[in-house]
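[1] Show me how the following folds:
(4 chains)
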Protein chains: 2
Amino acid sequence: MPVDLELLPKQKRAAGERCCEPVVYPDVHRDHALRMAEVAKALGDPIRLQLVDVLRRHAGKVCVCELVPLFDVSQPTLSHHLKKLRDAGIVDSERRGLWAYYYVIPEALEELSSWLS
Amino acid sequence: MPVDLELLPKQKRAAGERCCEPVVYPDVHRDHALRMAEVAKALGDPIRLQLVDVLRRHAGKVCVCELVPLFDVSQPTLSHHLKKLRDAGIVDSERRGLWAYYYVIPEALEELSSWLS
DNA sequence: GTATTAGATCGACAAACGTGAGTCTTAGTG
DNA sequence: CACTAAGACTCACGTTTGTCGATCTAATAC
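    Residues are numbered from 1 along each chain as shown, chains lettered A, B, ... in the order given. Coordinates of the predicted model:
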């Protein structure tokens, strides 16, 4: 699938002249890039990525008390990761009594997912 | 698509008893999670994400001198971002004379992409 | 009421990050 | 040879990150 670009001759151009015209521009516009980078950044930690994986595969709401023992970090640290995912808009939570149930917001990953494929 | 979990009754369990059995486990294994998180982390910066976007859409090799003017950062900073992408195995480069041409390694994004969709 | 529990928040710390100014290396020009 | 240009690298900086211990807040049990 990678089609070779027609490469410019490897010669030095005249002084003051541009080495090459910037023929390519990012057409993933700034806001899209910002949004997708935000999501990617939130997924850029192994624990958070696995959290999302567990929540997604469960396709429902998972109690935090089920999540904590799965990872080798303290409860505050896990809570911190969940907050990062919440702030990124990837998951949301619902309080019921003492428990908190987390779930993935399905649309949250769509933009990044379709850009990647 | 999200199927509601059968939620446990919201009552306090007896002292010393587990609040709930950890019925879910991350089956994205550690190494996969590590690898995908590494890729996601590299994409977790707007400039790097746009860099990958430009390189991907060009489906060939793009000269660094074309990339620098596209972004509002200094040349060393852009070089730093390109190195991050190289370290993450997302892109590679080829030197030809004075110029360096970057391209995306297509397989690099596959794992994350298919996990996301 | 008190005690206990789930989970979020705070405070602190070291490590990693994004950035630019400056420098270095390599390659082409004259 | 000296000069110039492309791009990587080094250093320094302020900011953000991941982590844990301690604390706080609700809600339940007694």
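
[2] helix or strand for the residue nearest the centre of chain A, which one?
    Closest to where the C-alpha atoms of chain A average out (Cα atoms, centre = their mean) is A:Ala40, at 1.9 Å. Applying DSSP states H and E as the criterion places A:Ala40 in helix A:30-42.

[3] Pull the residues that contact that helix.
    Identification of contacts with helix A:30-42 by Cβ atoms under 8 Å, 6 or more residues apart in numbering or on different chains yields A:26, A:28, A:48, A:84-85, A:87-90, A:108-109, A:111-112, A:115, B:40-41, B:43-46, B:48-50, B:53. C-betas here are computed from N, CA, C, even on glycine.

[4] how far does that helix sit from the chain's center?
    Relative to its chain's centre, helix A:30-42 lies at 7 Å (Cα atoms, centre = their mean, to the nearest Å).

[5] which helices and strands does whichever helix or strand comes after it pack with?
    Past helix A:30-42, heading to the C-terminal end, the next element that is a helix or strand (DSSP H and E) is helix A:46-58. Contact partners of helix A:46-58 among helices and strands, from 3 or more Cβ pairs under 8 Å, 6 or more residues apart in numbering or on different chains; DSSP states H and E: helix A:75-87, strand A:91-96, strand A:99-104, helix B:30-43.

[6] Any residue of helix A:46-58 touching DNA strand D?
    Yes: counting by Cβ under 7 Å from any atom of the strand, contacts between helix A:46-58 and DNA strand D involve A:47-48.

[7] Spell out which parts of chain A neighbour DNA strand D.
    Residues of chain A lying near DNA strand D by Cβ under 7 Å from any atom of the strand: A:12, A:15-16, A:19, A:41, A:44-45, A:47-48, A:72-77, A:80-81, A:84, A:95, A:97-98.

[8] And those, which of them are buried?
    Among these, those buried by neighbour count (16 or more other Cβ atoms under 10 Å in any protein chain shown) are A:41, A:44-45, A:47-48, A:81, A:84.

[9] Now tabulate the helices and strands packed on helix A:46-58 in a markdown table and tack on mean pLDDT.
    Shown next, in a markdown table, are these (pLDDT from 0 to 100):
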| stretch | mean pLDDT |
| --- | --- |
| helix A:75-87 | 98 |
| strand A:91-96 | 96 |
| strand A:99-104 | 97 |
| helix B:30-43 | 95 |
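
[10] looking at the ones you listed, which is closest to DNA strand C?
    helix A:75-87 (2.9 Å; Cβ to the nearest atom of the strand).

[11] Tell me the helices and strands packed up against the closest one.
    Checking 3+ Cβ pairs under 8 Å, 6+ apart, helix A:75-87 ends up next to helix A:30-42, helix A:46-58, helix A:64-67, strand A:91-96.
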